[in-house]
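In: Sequence plus the predicted model coming up.
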Amino acid sequence: MSNPLKLGLAGLGTVGVSVVKRLALLENELAMSAGRSMRVTAVTARSRDKDRGVDLSNCTWFDDPVSLATNDDIDVYVELMGGDSGAAEDSVRAALKAGKHVVTANKALLAKHGNELAKLAEENGVQLNYEAAVAGGIPIIKTMREGMASNAISRVYGIMNGTCNYILTRMELEGLSFEECLQDAQRLGYAEADPTFDVEGNDTAHKLALLTSLAFGTQIEADSIFLEGITSLTTDDIKAADELGFRIKLLGVAQKTDTGIEQRVHPTMVPKSSAIAQISGVTNAVAVDGDAVGSITMSGPGAGGDATASAVVADLVDVARDFKIYPLGRPAAELQPYVRAKMRAHEGGYYIRLSVNDRPGAFASIAQRMAEHDISLESIVQRRSNGYFTNAQSEASEVVKPQAVVLITYETTEEAVRKALQQIEEDGHISAPPQMIRIERL
Ligand SMILES: NC(=O)C1=CN([C@@H]2O[C@H](COP(=O)(O)OP(=O)(O)OC[C@H]3O[C@@H](n4cnc5c(N)ncnc54)[C@H](OP(=O)(O)O)[C@@H]3O)[C@@H](O)[C@H]2O)C=CC1
Ligand SMILES: N[C@@H](CCO)C(=O)O
């Protein structure tokens, strides 16, 4: 057997510690399948004194990630700190330039700098592996980059953030508040260091940006992604979706259209009977449509120490086996420029919740605005609220009853819906900004 593969590990948090444990637990099995043993020889984190619950006594401690990344005594730099700049960026760049293989779970870094980092890895003849960066334990990078290499891919979509799916599932099934669910997701190690990245959709966008590049052979272009998170969703929306036969999921979708590639991340209503609606808790699911295979869907744990460590260690096994592949599936110089499809041209059904002031003519006016933009309504659900309030725009003495009205549209365009809603707001018949959720009949 060859010499051990020496690993320098930066980051000893949820994922880093799970990687150390998994390497120790499966030491012999991994050595057999990889053809050589793997050993963590050097580590870094912010705090040297913290008890991590793992034995690091044989590892050299580094205060500085860049020094670790470039140290002569490591073969692979394993970056598990997170962040799209600073220590993560500097150390990964330094490692690649120093001829070290890099394994990382850092989708934020790759979404921002992936094109350059892939090029740097190629120039230095080393691997840049990042299976853990997308959908945790699901081997979606390998599936798309290797297993589906002979397919022309037309669409990739899915639930790619465990924290959001965990929150939405518990809000729906247990009626818990958003904050309670988020705190639990943080306690369980699912959320990002800054959880706004999860709930505002950025984390899904980072992952989608990587899958888009693999799917269409284009440069990574995360800044062009249409982005809406789950923070504006209310329990009323979740209940209304349920009553109408839908479930709300945060989806990332990338698909080819006539005008370019659409990349979007937003809460989506999916029919309860669809496969994606059955994905609950921290589980992720990614579906890929290819011309030869039709549609392939993979589901599995999208976050958490063990699941993510599974992907990190698989990447390490690839390095140990000396498996070579272009990080983005083709030479970085051959990636095509990304051409963005306009979100306003997006076609689909829409859920619209309006808080309508119950005055004569309000409903007729709303229906008229919809008709003016050729929007056909599949259903209208009207619910009287328990309370009354005084409408600021009405006479001081006038008391109006707000009514929650939910409209479900047939297929229409984003442009039409946005224009109609803008006019409805200007008409003054609603007491709060409209809620709009896209429907995907998967
Ligand atoms: N948690 C998950 O389920 C998943 C996470 N990821 C990604 O994996 C990476 C790590 O995530 P996770 O383990 O959850 O994060 P944690 O916050 O749990 O751990 C981060 C670790 O990095 C160390 N660290 C942070 N900044 C520095 C720095 N400047 N110098 C040295 N060490 C530093 C921290 O040190 P200290 O402990 O001393 O503070 C900590 O040990 C991120 O990129 C994340 O997006 C990917 C998939 C799933
Ligand atoms: N915070 C991320 C971790 C996995 O990438 C999530 O919840 O999905």
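Out: The structure has been received and is ready for your questions. Ligands and ions are numbered 1, 2, ... in the order given.
In: Contact residues of the stretch 151-300 of the chain facing ligand 2?
Out: 161-163, 190-192, 198, 203 (Cβ under 6 Å from any ligand atom). For the C-beta atoms, the positions are set from N, CA and C on the backbone; glycine is no exception.
In: With distance to ligand 1 and neighbour count as added columns, please give those residues in JSON lines.
Out: Listed next are those as JSON lines, based on distance: Cβ to the nearest ligand atom, whole Å; neighbours: other Cβ atoms under 10 Å:
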{"residue": "161", "distance to ligand 1": "10", "neighbour count": "37"}
{"residue": "162", "distance to ligand 1": "7", "neighbour count": "28"}
{"residue": "163", "distance to ligand 1": "8", "neighbour count": "27"}
{"residue": "190", "distance to ligand 1": "5", "neighbour count": "29"}
{"residue": "191", "distance to ligand 1": "7", "neighbour count": "26"}
{"residue": "192", "distance to ligand 1": "6", "neighbour count": "20"}
{"residue": "198", "distance to ligand 1": "10", "neighbour count": "26"}
{"residue": "203", "distance to ligand 1": "7", "neighbour count": "29"}
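In: Filter those residues down to the ones in helices?
Out: 162-163, 198, 203 (DSSP state H).
In: Nearest to residue 77, out of those: which one, please.
Out: Within these, proximity to residue 77 (Cβ to Cβ) peaks at residue 203, which comes in at 22.9 Å.
In: got the residues of the stretch 301-442 of the chain near ligand 1?
Out: Proximity of the stretch 301-442 of the chain to ligand 1 (Cβ under 6 Å from any ligand atom) is limited to residues 303-304, 308.
In: what stretches of the stretch 201-350 of the chain score poorly on pLDDT?
Out: Applying pLDDT under 70 to the stretch 201-350 of the chain flags no residue at all.
In: Let's verify the residue of it found nearest ligand 2: helix, strand, or coil?
Out: In the stretch 201-350 of the chain, the residue that lies nearest ligand 2 is residue 303 (3.7 Å; Cβ to the nearest ligand atom). With DSSP: H, G, I helix; E, B strand; the rest coil as the basis, residue 303 sits in coil.
In: Test my guess that it contacts residue 189.
Out: Yes - proximity of residue 303 to residue 189 meets the contact threshold set by Cβ atoms under 8 Å, at 7.4 Å.
In: now the helices for the stretch 251-400 of the chain?
Out: Applying DSSP state H, counting those that start in this stretch to the stretch 251-400 of the chain gives helices spanning 305-320, 362-372.
In: winner for burial among those helices?
Out: Of all the helices of the stretch 251-400 of the chain, helix 305-320 has the most neighbours on average by mean count of other Cβ atoms under 10 Å, namely a mean of 23.
In: What sits closest to the residue in the chain positioned nearest to ligand 1 if chain neighbours are left out?
Out: Closest contact between the chain and ligand 1, by Cβ to the nearest ligand atom, is at residue 13 (1.8 Å). Leaving aside its chain neighbours, residue 13 sits nearest to residue 80 (7.1 Å; criterion: Cβ to Cβ, 6 or more residues apart in numbering).
In: Pretty sure the one you found sits against residue 16.
Out: Yes - judged on Cβ under 8 Å, residue 80 makes contact with residue 16 at a distance of 4.3 Å.
In: overlap in contacts of those two?
Out: 9-10 (Cβ atoms under 8 Å, 6 or more residues apart in numbering).
In: give me every residue that touches residue 367.
Out: Contacts of residue 367 by Cβ under 8 Å, 6+ apart are residue 377.
In: Let me know the pLDDT of the residue of the chain closest to ligand 1.
Out: pLDDT for residue 13: 98.
In: how near is it to residue 19?
Out: According to Cβ to Cβ, to the nearest Å, residue 13 and residue 19 sit 10 Å apart.
In: Identify the contacts common to these two.
Out: residue 80.
In: of the two, who's got more company?
Out: residue 19 (30 against 17; other Cβ atoms under 10 Å).
In: Return the residues of the stretch 101-250 of the chain in contact with ligand 1.
Out: Listed as neighbours of ligand 1 in the stretch 101-250 of the chain under the rule Cβ under 6 Å from any ligand atom: 105-106, 132, 136, 189-190, 192-193.
In: Mind checking which of the residues you listed are buried?
Out: Among these, the ones that count as buried by 16 or more other Cβ atoms under 10 Å are 105-106, 132, 136, 189-190, 192.
In: Dump those residues to JSON lines, plus pLDDT.
Out: Formatted as JSON lines, those follow (pLDDT from 0 to 100):
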{"residue": "105", "pLDDT": "98"}
{"residue": "106", "pLDDT": "98"}
{"residue": "132", "pLDDT": "98"}
{"residue": "136", "pLDDT": "96"}
{"residue": "189", "pLDDT": "96"}
{"residue": "190", "pLDDT": "97"}
{"residue": "192", "pLDDT": "97"}
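In: check contacts around residue 99.
Out: Here residue 99 is in contact with 124-126 (Cβ under 8 Å, 6+ apart).
In: And residue 172, by the same measure?
Out: Here residue 172 is in contact with 238, 242, 247-248 (Cβ under 8 Å, 6+ apart).
In: in the helix or strand that contains it, what counts as buried?
Out: Per DSSP states H and E, residue 172 falls inside helix 162-174. Buried residues in helix 162-174, counted by 16+ other Cβ under 10 Å: 162-172.
In: Angles on the backbone of residue 138, please.
Out: Dihedral pair for residue 138: phi -80, psi 130, per degrees, to the nearest 10.
In: ok, now residue 423?
Out: With angles defined as degrees, to the nearest 10, residue 423 sits at phi -70, psi -40.
In: How about it: what's its closest non-neighbour residue?
Out: Nearest one to residue 423, counting by Cβ to Cβ, 6+ apart, is residue 369 at 5.0 Å.
In: can you pull the contacts of the one you found?
Out: Residues in contact with residue 369 (Cβ under 8 Å, 6+ apart) are 420, 423-424, 427.
In: same deal with residue 441?
Out: Contacts of residue 441 by Cβ under 8 Å, 6+ apart are 270-271, 274, 349.
In: What are the boundaries of the helices in the stretch 1-150 of the chain?
Out: Under DSSP H, counting those that start in this stretch, the stretch 1-150 of the chain gives helices at 14-25, 27-34, 65-69, 86-97, 107-123, 140-142.
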